[in-house]
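**Q** predicted model and sequence below, questions to follow.
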Amino acid sequence: MLPKITTAIAVFGFLSLQSQAQLNVQSGATFFMQSGAQVTVQGDVQNAGTLNNDGSLRVQGNYTNTGTYTAVGTAGVLEMYGTGNANLAPGSSAIANLTINKTAATDIVTLTASTTVNNGLTLTQGVLTTNPTVTPAVALISPAATPYTFAAGKEVIGSVRRTGWANGTARVFNQPNMLVTTNAGTAPTDLTVTMIPNGDPAQAEREVKRKFSFAYTGGTGFTADVRYPYIASELNTNTEANLVPWALVSSEWNSRTTNITRNTGSDWVNTTAIPAADLLQEWKLADPNYTMNVTANLRGSWTGAAMSTTLNSAGYLPLAQPYNDAAFNNYNGGETVAAGFFAANPTIVDWVLIELRKPSNGLPGDANFSSLIGRKVGFLRSNGTVVGLDGTTALSFDINKQGASYVLVKHRNHLPVMSNQLPSNATGSFTNNFTTLAGLYDNAALTSDPAQLLPSSVLYGLWAGNPNRDFIINNGDVGLVRSNANTSVTGYSYGDVNMDGIVNNGDLGLTRANANTAAQTHTNRSANNRPNVEPKSHIPSN
């Protein structure tokens, strides 16, 4: 145990005192440190009296104040230095200047109670934490204009509160890139940021391993510009160049994809104009780009073992996506490919549209278009895989909500299909096989199966024969195909149901057969099967 210096009255002027002792200022005692003086204590400092620090008090152990700690003007530095972990308990006194300068990067200084630092914080080495998971009410508190100085890579873990807040100026919180600016409305009187590096945001979703939350007092109608920092080791499979902020609203993560700037060199993401109410949610960073590992077949192009690529080899596939149509909710992603693309990718069958839907109640019957959280066109290959615009890798696109969702596959003259609810995951992917009934959402109110059994196969494919795109195969489709067949329409046509580049009796026969098909046997409605059922899309709304 270190020896203890107990004082009644002590005055230190222009000198430096270093001791391995503990410093104990008892109740009623006064310890003066004049400007230019330095006292170094390798043990603990306990002040129950008056400690007047106009110089520099360096403490290697714990600092506990239950008395009065004072400093004059900008003078007076309390420095937590040396090896080992230490606690800082400021009592009711503010600290003029606080320096954290531990020996090792892993040495921790823990604020055991909210600590006010009025003139300046310097974090040179070690860790400064408010221990937010154990003592969430503890905060480092400073006036909004108080300068914070950080060595490279240093940051405060936990809660930092800025008081005397005003609109229009970016203020530093936990580290140089943890910035908040408020604008418009009435500014709050104070604003708190809680940042937990290597934290685990709520729910098991895709996320950078860092948590953010905000609180404020007063203020109405303002907006906030926020810069969110991170470090590379927290990326957790997320692509850094794609990161956006997400807010947890009513237990659902929502992405913020507009007004975003990024700096992958300095590791931050910035967004602007967050409404005051939204600022109060939990926030995180994550990549919104999710991969759709989807397999599906089209009955129309089925040849017995795979799908035909005749439209591709004949040069009929358009270079621009074909789904900007009211039947497909006017999808207008603007995707195009260059001349020669299809020749270089001969296994492509056709363009398809993939959607992801997430109804708020999670029920498939409510997975209508209003629950859409992302969609994109891609290409269906002859082996049933769906790929992106490079013709090779799985299709991916940005989504605006996280959580269990439903994947849809749409084609221009086949009935669309929807998966059962698929769980979300931290890797940012959804996987579904639409070639089996088990992989298809089945509306029990409909008699036809959601897809049709393919000839000479145990696999299923999307129902062929819906060229009028009303999501039910009936005489309207038969009439359209007959009209096209009578004029021998060729090329890329809705009426070309079997996708061989010409509308003829083959298309008419397939469409008529499907319009008059008997329902496939299915366990959940085997007693309800009836012949001559018009196949209908099982999707709640298209």
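**A** Received the coordinates, thanks. On a predicted model such as this, the values are computed, not experimentally measured, just so you know.

**Q** use CA for all of it now, contacts and neighbours both
**A** Will do.

**Q** gap between Gly476 and Asp470?
**A** 9 Å (Cα to Cα, to the nearest Å).

**Q** also Lys102?
**A** 70 Å.

**Q** those two: who's more crowded?
**A** Lys102 (26 against 16; other Cα atoms under 10 Å).

**Q** now do the contacts for that one.
**A** Met80, Tyr81, Gly82, Thr83, Gly84, Ile108, Thr124, Gln125, Gly126 (Cα atoms under 8 Å, 6 or more residues apart in numbering).

**Q** ok, what's across the strand from it?
**A** Lys102 forms beta bridges with Gly82, as assigned by DSSP bridges.

**Q** from Thr122, how far off is it?
**A** In this view, Lys102 and Thr122 are 12 Å apart by Cα to Cα.

**Q** repeat that for Asn345.
**A** Using Cα to Cα, Asn345 is found at 59 Å from Thr122.

**Q** can you check Ala241 too?
**A** Look at Ala241 and Thr122: by Cα to Cα, they are 31 Å apart.

**Q** okay, those two: which has more neighbours?
**A** The residue with more neighbours, out of Ala241 and Thr122, is Thr122; 17 against 12, by other Cα under 10 Å.

**Q** correct me, but that one touches Thr146?
**A** No: using Cα atoms under 8 Å, Thr122 makes no contact with Thr146, being 11.0 Å away.

**Q** can you pull out the helices in the protein?
**A** Under the criterion DSSP state H, the chain contains helices at 276-279, 310-313, 341-344, 475-486, 505-515.

**Q** need those in TSV with mean neighbour count, distance to Thr385 and mean pLDDT, can you?
**A** Conversion of those to TSV gives the following (neighbours: other Cα atoms under 10 Å; distance: least, Cα to Cα, whole Å; pLDDT from 0 to 100):
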stretch	mean neighbour count	distance to Thr385	mean pLDDT
helix 276-279	17	40	96
helix 310-313	20	16	98
helix 341-344	15	16	98
helix 475-486	20	27	95
helix 505-515	21	24	95
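
**Q** now for these, which one comes closest to Phe150?
**A** Closest approach to Phe150 among these (Cα to Cα): helix 276-279, 25.5 Å.

**Q** for that closest one, give me every contacting residue.
**A** Ser213, Phe214, Ala215, Thr220, Gly221, Phe222, Thr223, Ala224, Ala247.

**Q** and the residue nearest to Ser255 when sequence neighbours are not counted, bridged to which residues?
**A** Nearest residue to Ser255, sequence neighbours excluded (Cα to Cα, 6 or more residues apart in numbering): Trp246, at 4.3 Å. Taking DSSP bridges, one finds Ser255, Lys284 as the beta-bridge partners of Trp246.

**Q** try Gly378
**A** With DSSP bridges as the rule, Gly378 is bridged to Val352.

**Q** repeat that for Ile141.
**A** The partner residues for Ile141, given DSSP bridges, come to Thr116, Arg161.

**Q** Ile260 too?
**A** Applying DSSP bridges to Ile260 gives these bridge partners: Thr271.

**Q** closest to the centroid, which residue in the chain?
**A** What sits nearest the mean C-alpha location of the chain, by Cα atoms, centre = their mean, is Ala286, with 3.2 Å.

**Q** for that one, give me its contacts.
**A** Arg206, Glu207, Val208, Asn238, Asn242, Leu243, Val244, Pro245, Trp246.

**Q** tell me the one of those residues nearest Ile231?
**A** Among those, and counting by Cα to Cα, the member closest to Ile231 is Val208, at 9.1 Å.

**Q** quick one: the closest one and Asn236 touch, right?
**A** Yes: here Val208 reaches Asn236: they are 5.8 Å apart, a contact under Cα under 8 Å.

**Q** which of the two has more neighbours?
**A** Higher neighbour count among Val208 and Asn236: Val208, with 29 against 15, using other Cα under 10 Å.
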